[in-house]
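[1] Structure of the sequence below:
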Amino acid sequence: MSKTKINNKKAYNERTGEYSSKSAKTAEQAVSVVKTESGAEKVCGIYKKCSGCQLMNLTYSEQLSLKQSMIVKLYGGYCHVDEIIGMENPYHYRNKASEAFKLTYPNKRIISGVYQSKTGAVIPCDGCLLENKRSHEIIKSFKKLMPKYKLLPYDEYSHKGLIRHVMVRRADVTGEYMVVIVTSSPIFPKGKELAAELVLMYPEIKTVVQNISTVQDKMMLGEQEKVLFGEGTIKDKLLGAEFIISPRSFYQVNHIQTEKLYSKAIEFADISKDDTVLDCYCGIGTIGIIASRYAGEVMGVESNPAAVRDAIKNARLNNVKNARFIAMDAGKMLSELAMNKVRADIAILDPARAGCDKAALEALIKIGPKRIVYVSCNPETQIRDVKTLISAGYRVKKVQGVDMFPFTKHVETVCLLSKLNAKQHIEINLDMDELDLTDAEKKATYQEIKDYVREHSGLKVSSLYIAQVKQKCGIIERENYNKPKSEDAKQPQCPPDKEKAIKEALTHFGMI
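    Residues are numbered from 1 along each chain as shown. Next up, the predicted model:
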């Protein structure tokens, strides 16, 4: 494929996909050339304007290296980070596509495309390298039907027009499609006729739903819905289980990588038939239902009542009898479980990008599951929460990255944390001559102890003082750790106030 030519002498930057000349004025000229590993090229004409793909200027192997480095930077100090799991073909993986509509002046032509993140303008899109191709075709066909049914895009300034945006979801295994038409008003003249014509054009469409949205966020769905065709849901399969998907259901957009992500989470959890599993932020029950195959009991909690209704339906659909799902805030439910001294062996966390709320983490620590598997699409909020769990006596055992969103800066991470079992620890006979560190010493790093002391007492302590206090408390130190270089050398001794503060930290971390 030849590169786009423009009338100037400026060089084309193959890495950034940009022309340095100011004469490249159109989106067609300001293309981004995506180089694949085989040397082939793919072109995105709106890369810079759309801003949906932040890493379009990198080859896929470079993207994986960048994301791996980011995860290692966050977690490398706690454990070995396994190599990120990438995709064999990182294109057209998104099973959900959404496009907005706008009426242009003075020709009054309807355009469809993506919102520009900075200005909110609709950028025309003739095809996306990430979205399912058929979904894009369906949206374009809908746009062509709009004049026939006298439908106009909604204008947020004049508050005229009906169509806000259209979302298409595809079930990757079953091949079923759902079309969601988001309108500004419940009144949709000839909506069912339009839906029928769209289905006639694309028989794979199993349902068409009208969603009424009056919220400010341009791409959000509203609470009210009307089914225009079909049952209002589609079905998909994930790791052998069937799932009902409704318009507002959270369902991962990359089916291939989701199976890899959830398989890794189940592997980390190491569930047995005697285990009770907490599935926090369970959504429509995907992870919980898969985990139920190996567990004695699964308790799922989700604040979205619609998602919980889907989770209950999905449990029935898969004949799962050892899982129950509750519509409640995770923090509130976990607090109630802790108050009633309900125990759980394993907790699986899969919160939104903002991470877990403080109340949920505090209650989870009181419940004290032996293992916590934390799945996150935002490693930065994940590590924040993980540090809270570490301060409560948990240790990071494994971390795995999964590239769920190629060509974007986002990445999913699975983190396994485990808690020392006090009863087992007492019963095990440790041969100190064969160990470099005792389990007590491993519980918290020197930096974590320093941070705790500074936060709770305002004192600054050195590694030497910590080592001295640990020795006084019977915690075995490695040979030659912080010892003077000669027998005649003198070392400062830890002051009483700092010794007290360090002992409080050691007690907090369960080391004494």
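[2] got any ranges where this protein has weak pLDDT?
    The chain contains residues with pLDDT under 70 at 1-43, 117-118, 216-219, 420-443, 476-491.
[3] Point to the residue nearest the middle of it.
    Nearest to the mean C-alpha position of the chain, counting by Cα atoms, centre = their mean, stands residue 377 at 2.1 Å.
[4] Which residues are in contact with it?
    By Cβ atoms under 8 Å, 6 or more residues apart in numbering, the contact list for residue 377 reads 352-353, 404, 410-412. For every residue, glycine as well, the C-beta is placed using N, CA and C.
[5] how about 6 Å then?
    353, 412 (Cβ atoms under 6 Å, 6 or more residues apart in numbering).
[6] cool, and residue 453?
    459, 461, 501, 505.
[7] 8 Å - rerun?
    Residue 453 makes contact with 459-461, 498, 501-502, 504-505, according to Cβ under 8 Å, 6+ apart.
[8] Mind giving me the PyMOL select for these, buried ones only?
    Entered in PyMOL, the line below selects the buried ones among the contacts of residue 453, by 16 or more other Cβ atoms under 10 Å:
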select buried, resi 461+498+501+502+505
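[9] which SSE is residue 101 in?
    Element membership of residue 101 [criterion: DSSP states H and E] is strand 96-103.
[10] Just the closest of the contacts of residue 453 to residue 49, please.
    Nearest to residue 49 among these, counting by Cβ to Cβ, is residue 460 at 50.0 Å.
[11] any idea how far that closest one is from residue 501?
    10 Å (Cβ to Cβ, to the nearest Å).
[12] And the residue lying closest to residue 140 once chain neighbours are set aside, its phi and psi?
    Computed as Cβ to Cβ, 6 or more residues apart in numbering, the closest residue to residue 140 that is not its neighbour in sequence is residue 112, at 7.0 Å. Phi and psi for residue 112, reported as degrees, to the nearest 10, are phi -130, psi 150.
[13] Tell me which residues touch residue 112, please.
    99-102, 122, 124-125, 139-140, 143, 166.
[14] and the nearest residue to residue 213 once chain neighbours are set aside, what does it touch?
    Distances taken as Cβ to Cβ, 6+ apart put residue 222 closest to residue 213, at 3.4 Å, once the chain neighbours are dropped. If a contact means Cβ under 8 Å, 6+ apart, then residue 222 has 182, 211-215 as its contacts.
[15] Helix, strand or coil: sort out residue 222 for me.
    Each residue gets one of three states, and residue 222 gets coil by DSSP: H, G, I helix; E, B strand; the rest coil.
[16] Please determine how far it is located from residue 95.
    Look at residue 222 and residue 95: by Cβ to Cβ, they are 22 Å apart.
[17] With residue 383 instead?
    Using Cβ to Cβ, one gets 29 Å for the distance from residue 383 to residue 95.
[18] now swap in residue 151 and tell me
    26 Å.
[19] ok, now residue 137?
    Per Cβ to Cβ, residue 137 is found 15 Å from residue 95.
[20] Name the helix or strand for residue 49, please.
    Going by DSSP H and E, residue 49 is in helix 47-50.
[21] Quick check: next helix or strand after that helix?
    helix 60-75.
[22] list the buried ones in that next one?
    60, 63-64, 67-68, 70-71, 74-75.
[23] Can I get these in TSV including distance to residue 238?
    Formatted as TSV, the buried residues of helix 60-75 follow (distance: Cβ to Cβ, whole Å):
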residue	distance to residue 238
60	24
63	25
64	24
67	23
68	26
70	27
71	24
74	28
75	27
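[24] which one of the residues you listed sits closest to residue 270?
    Proximity of the buried residues of helix 60-75 to residue 270 (Cβ to Cβ) peaks at residue 75, which lies at 19.6 Å.
[25] pretty sure that closest one is touching residue 400, no?
    No: Residue 75 is not in contact with residue 400 according to Cβ atoms under 8 Å; the separation is 10.0 Å.
[26] any residues in contact with both of the two?
    The contact sets of residue 75 and residue 400 overlap at 81, 413 (Cβ under 8 Å, 6+ apart).
[27] Roughly how far does the closest residue to residue 359 other than its chain neighbours sit from residue 276?
    The shortest distance from residue 359 to any non-neighbouring residue, by Cβ to Cβ, 6+ apart, is to residue 331 (3.2 Å). To residue 276, residue 331 is 19 Å away according to Cβ to Cβ.
[28] next one: residue 196
    48 Å.
[29] the more surrounded of those two?
    When residue 196 and residue 276 are compared for neighbours, residue 276 comes out ahead with 18 against 13, by other Cβ atoms under 10 Å.
[30] where exactly do the strands run in the stretch 1-150 of the chain?
    12-13, 18-19, 32-35, 41-44, 81-85, 96-103, 110-115, 122-124 (DSSP state E, counting those that start in this stretch).
[31] what's the answer for the stretch 301-450 of the chain, then?
    Going by DSSP E, counting those that start in this stretch, the stretch 301-450 of the chain shows strands at 323-327, 346-349, 371-376, 394-402, 412-419.
[32] which other residues reach the second one?
    Right, the one you point to is strand 346-349. With contact meaning Cβ under 8 Å, 6+ apart, strand 346-349 is reached by 265, 269, 271, 275-281, 287-288, 291, 295, 356, 364, 367, 369-376, 385.
[33] Distance of the residue nearest to residue 214 when sequence neighbours are not counted relative to residue 454?
    Nearest residue to residue 214, sequence neighbours excluded (Cβ to Cβ, 6+ apart): residue 222, at 6.3 Å. Using Cβ to Cβ, one gets 48 Å for the distance from residue 222 to residue 454.
[34] Over to residue 173?
    For residue 173 relative to residue 454 (Cβ to Cβ), the value is 53 Å.
[35] just residue 69 next, same as before
    Applying Cβ to Cβ, the value for residue 69 to residue 454 is 29 Å.
[36] hang on, residue 264 packs against residue 399?
    No: the criterion here is Cβ under 8 Å, and residue 264 misses it with residue 399 at 10.4 Å.
[37] neighbour-wise, which of the two wins?
    More crowded of residue 264 and residue 399, by other Cβ under 10 Å: residue 399, with 26 against 22.
[38] which residues does that one contact?
    Residue 399 neighbours (Cβ under 8 Å, 6+ apart): 71, 75, 78-82, 413-416.
[39] and residue 159, how many residues sit next to it?
    Per other Cβ under 10 Å, the neighbour tally for residue 159 reads 8.
[40] Nearest residue to it in space, please, no chain neighbours.
    Nearest in space to residue 159, with sequence neighbours left out and distances taken as Cβ to Cβ, 6+ apart, is residue 184 at 7.6 Å.
[41] Give me the distance between that neighbour and residue 352.
    For residue 184, the distance to residue 352 - Cβ to Cβ - is 26 Å.
[42] Of those two, give the one with the bigger neighbour count.
    Of the pair residue 184 and residue 352, residue 184 is the one with more neighbours under other Cβ under 10 Å, namely 19 against 13.
[43] Pull stretch 265-278 out as CSV, backbone CA atoms only.
    Written as CSV, here are the backbone C-alpha positions of stretch 265-278 (Å, rounded to 0.1, in the frame of the first residue of the first chain):
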residue,chain,number,x,y,z
ALA,A,265,-8.1,-15.5,37.5
ILE,A,266,-9.6,-18.9,38.2
GLU,A,267,-6.1,-20.4,38.1
PHE,A,268,-4.8,-17.9,40.6
ALA,A,269,-7.8,-18.5,42.9
ASP,A,270,-7.0,-22.3,43.1
ILE,A,271,-10.6,-23.0,44.2
SER,A,272,-11.6,-26.3,45.9
LYS,A,273,-15.0,-27.8,46.6
ASP,A,274,-14.7,-26.8,50.3
ASP,A,275,-14.2,-23.1,49.4
THR,A,276,-16.7,-20.3,49.8
VAL,A,277,-16.0,-17.7,47.1
LEU,A,278,-17.0,-14.0,47.3
